[in-house]
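Peer 1: sequence first, predicted model second:
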Amino acid sequence: MKIVTRDYLFARGWRSAAPILLLLPGFGLYLLIAVGPSLATAVYSFTDATGIRGIAINWLGFENYDEFLFRGAASRDNIAALWRTLVFSFFVTTIQFGLGLVLAVLLNSRLRGRTIFRTIFFMPVILGVAIQGLIWKLFLLPGGGPVAEIFSWIGWSSEFLGGQPRQAFAWVIVVQIWANVGITMVIFLAGMQTIPESLYEAARIDGANGWQLFRNVTWPLLTPAVNTNFLLNIVGSLQAWQLFLVLIGYRPGTQVLGYLVFAEGFGQTSGSVSSAFRQGYAAAASIALFMLVLVIALAANAFVSHREKKYLS
Amino acid sequence: MKKSLTWRLAAVLLAFGLIGAACGSDDSSSPATTAAPAATDAPAPDEPEPEPEMAEDVTLRVLVHQNPPMVEFMEAFNESFEASHPHITIDLSVVEAGDLSIATQTRLSANDIDVVGIFGFSNAAQSYMSGAVPPNWQTLIEAGLLMDLTGQPFVDNYDEATIADAGSFNGKVYSINLGRVSYSGMFVNKDLLAANGLEVPTTWGELVTACEVVKAAGNECMTVGGADGWPVFVGAYGLLGAMYPDQEALVEGLWTGDITWDDDQSVEMFRRMQIYTSDMLEQGVTGLSHDAGPPRYAAGDVAFMPTGVWQAPALESAEPDFDWTYVPFPGSDNAEDNQYLFGKYDQGWAIAADTPHPEAALAYLEAFSEPDNYQAFANAVGFIPTQPTAVLDTHLGREVAPFLANYRVGFEQYWVAPAGAGQWANGSQAAAWFSPFNEWTDHVALAAQAQADLQAGLDAN
Amino acid sequence: MTVLNPTPDAAGASVEPPSDEPQMDRSGRTAARRRKLFSYAILLAFTALYVGPMLMLVLTAFKSLPEFFKNPTGWPESFGFGNFVEAWEKANIARYLVNSVLYTAVATAICVFTSVLVAFPIARGYLKGAKYILLLYVVALFLPPALIPQFQLILNLGLFNTRTGFILLFLVNPIGLIILVNYIKSIPRELDESAAVDGCGYYRFVFKIVMPLIRPAIATVTVLHAIGIWNELVLPTIYLTSENLYPVTRGLIVFEGLYGSNWPALAAAVLILMTPMLVLFLFLQRYIISGLTAGAVKG
């Protein structure tokens, strides 16, 4: 039995099967529930599958991809959704990252009540997307809602989620950040707590001010948390779409790629009545999304590793 | 740092100590593990349905979409049905309307459903629609998942047009439809018009004038629940219908190129849609949700509310004394063209072809279709009845009675978009694309864009 | 991938935050005070952004529907619990609660337990190809949800519309696994050595030594995973069709008509629904930072 490496410290011989035996249930479940269906999605993307029992499935080759990326004006809309996904991801990643860092820095000092603040900012994470969306639909109620009232005091008005696509889109960015900045903040906080106080003391003796402390001690030593947040934010924002479903629904000029996949696959594009089942096409769209996320995540990871070498060596 | 080091040392020492404790003795009392193993195993799955035998107990699984008055009626009906059929139990499940298609798809595929609530059949893919993806219901029938109901006695309880338009495919009946709704009309505030010396408008010109008059008097012309998006363009379906009274011909024309969104007639329609969206609707409707529409309208200072007949009960409960009528939206200059009510077939029933209990399922539909039961259903949900003997005996029923002879199926029920068409190709929704709901401000440009998006799809196949 | 491949480093979860005020002269003291005020101002502004929407939800839950339409923002006329009673009864919460608790508890327990058993040998490099197994989990972060193949799977296993089938959907959590792997790496390897020297078997070591030691990571993964199951809205619609199997979220739809929704009752139902997770979070939150510290940050 040579399944264990040389590092394995426990009893060898037949008893070295222990780690693999214990690993198998979890890993097997993973293959069954996650990996298998995902591979099946890739296969589906080359067919005209409908997801309905009794309908023959035909092999289409790259036709779904061709349609998604090149056919008619729909491809223009798909590519626009792709760009929109990137724009959404850019704003969410950068703002959430910045805000999370600011909040973490503030809460990492000896302020009274910092646990309470931390709990409050983390709270939306435990609500789930549907409830987050519902809360903000209420909060952004035009004509009498709290934000509308405040806007009216200073003579502003907004259509919020029901108006111009750009505005509605911007509000979804706001809600997405509101909902997830708590995680970013907590990861930063966790990172800051691993930085030894002695380094700050040493820097202070050298006469460093607050900004210099941050720049020269906190920031470089925060590298692992920075990298984690950077990648999690990018991947999370590229895949986020449920808030669009909950907050604005399927309207021209607002969909991101993830929403498009769901809508195509489950006939949500035209309000449920005469829509069609196009699982194959939706699978192709979702593989396109996967590729996009993979490419950006790999690029981001390359950048992050480079940065890590710079700071940590 | 010091503290952390101490702690860590302590933790490591403690851990080493535990090794001794855990490994040195054989006692099996476990220290606290946070994740308990799966002691509570999942309970046994539900037993599969037993094969039906005579008078054996059966459970009939019924699926409907969420619509509160209908669900309430269904619960009462099921109770009485169970009382008269003691061996049958009804298992009713309710899903959101948006999820009905996916629930139908999955449950039919899983053979886990007997009676399916299904929307009235819209247009099948026609011979002139090359490359069109067929609608859901057609796919289900072609997959052999819906039972052929042709010749069942209860089918005759419904009017022939309904069975033909909303429940048949290739000459066979697959669904009985339970009611129509109309969405192409508008509610009219009779008191407000009278106070301003106005008649109910019957042409586009009269409507424009009426709006000017009520606005000049400090009131509002129209309101609609704009926040939800779709009520905006549904409010303009009457305008579309008045400009193109034969909606089936419009769809065919758009596919064949005989009609284009940028021809003169259509450009004029887009112009009127923009006037409706940008001038006639009051300010702030972008924030008015669909269900907030009737309470807003009931305030009395708005002349018209273009929306579906289903909002009548909400309007009545918001203000019982409100004096209203419901007329077709006068979108055309020609009063003749403004007398049609357009709409769609709503909820209907179909039976899963593979149901283990065909007799029980048929008995269920038969009981439902009995005129008394059907009338009770129509009263509860306020649909325009599809059984010729039933009447809609409500305020709304009386108001729309004169137009029912001119009831027609609306554009959205015929429209199937060509694959590859762009997002602006369905020009019937253009009302929702003008400012303030979306970014378009020029109707000519939007008309050209709509046609370009449609043409791109037609050319791609 | 950096997040996912940290160097085994010492755990140091409980460092005190750096002090802002060592010995300073008076001007330094006022500067520090000003900075503190500034900090509070920012934090309070953000708190408003968080408390405001929640407050709106709570106030809505106490209004009648007409009252809500008339005055969505203001204080309710009275604080009655009518909406809560209505939500509790109409959404069948009492009946569905048992299911929700069962699904969440069982699936989370199995998921966390099996994940630890996968994470430990990977983190220690005890198995050949451990790197690739980890990579497989990392790739999963980017995978699109495979709803339809998953449905076909459950169907073919004969688990459609069963508790087992529904729980099966929630038995893996790639992010959770990665957090566990990273946390385990922060536990000194000497522990393994000494256990092995003592003749401790692998089973016993993992169950009795490792599991208690990684409690913060387990708490973190437990909370994150439980939240996901508890709040799930779409999957119950697809996989559960018998009413006696519904989780609580499935009951919410009674407030969403085809043509409108009953905001106050919905708000009340949502408040009821979120309470258990809130309690769970408040109980476990002290672990979460330390769990994430070693689980996601150590690099």
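Peer 2: Looks like it arrived, so ask away.

Peer 1: with adjacent residues omitted, what lies nearest to residue C:123?
Peer 2: In space, residue C:123 comes closest to residue C:184 once its chain neighbours are excluded; the distance is 3.8 Å by Cβ to Cβ, 6 or more residues apart in numbering or on different chains. For every residue, glycine as well, the C-beta is placed using N, CA and C.

Peer 1: phi, psi of the one you found?
Peer 2: phi -60, psi -30 (degrees, to the nearest 10).

Peer 1: tell me the pLDDT of it.
Peer 2: Per-residue pLDDT puts residue C:184 at 89.

Peer 1: how many residues are close by it?
Peer 2: When neighbours are counted by other Cβ atoms under 10 Å in any protein chain shown, residue C:184 registers 22.

Peer 1: then the one 5 residues further on?
Peer 2: Residue neighbour count, defined by other Cβ under 10 Å, stands at 14 for residue C:189.

Peer 1: tell me how far the residue nearest to residue C:123 lies from residue B:318.
Peer 2: Look at residue C:184 and residue B:318: by Cβ to Cβ, to the nearest Å, they are 62 Å apart.

Peer 1: same check on residue C:58?
Peer 2: Distance from residue C:58 to residue B:318, by Cβ to Cβ: 26 Å.

Peer 1: who touches the helix or strand hosting residue C:216?
Peer 2: Residue C:216 belongs to helix C:215-230 when assigned by DSSP states H and E. Helix C:215-230 is contacted from outside by A:125-126, A:128, B:34-35, C:13, C:100, C:103-105, C:107-108, C:111-112, C:115-116, C:170, C:173, C:175-176, C:179-180, C:183-184, C:211, C:249, C:276-277, C:280-281, C:284-285, C:287-288, C:290-295, using Cβ atoms under 8 Å, 6 or more residues apart in numbering or on different chains.

Peer 1: quick one: buried ones out of these?
Peer 2: Among the contacts of helix C:215-230, those scoring as buried are A:125-126, A:128, B:34-35, C:13, C:100, C:103-105, C:107-108, C:111-112, C:115-116, C:170, C:173, C:175-176, C:179-180, C:183-184, C:211, C:249, C:276-277, C:280-281, C:284-285, C:287-288, C:290-295 (criterion: 16 or more other Cβ atoms under 10 Å in any protein chain shown).

Peer 1: longest helix of chain C?
Peer 2: Selection of the longest helix in chain C by residue count, based on DSSP state H, yields helix C:26-61.

Peer 1: so who does residue C:281 touch?
Peer 2: Applying Cβ under 8 Å, 6+ apart, the residues near residue C:281 are A:122, A:126, C:223, C:227.

Peer 1: repeat that with 10 Å
Peer 2: A:119, A:122, A:123, A:125, A:126, C:223, C:224, C:226, C:227, C:274, C:288 (Cβ atoms under 10 Å, 6 or more residues apart in numbering or on different chains).

Peer 1: taking helix C:215-230 as reference, get the angle to the helix or strand hosting it.
Peer 2: Per DSSP H and E: residue C:281 is located in helix C:263-292. Using axes from the mean of the first three to the mean of the last three Cα atoms, to 10 degrees, the direction of helix C:263-292 lies 160 degrees away from that of helix C:215-230.
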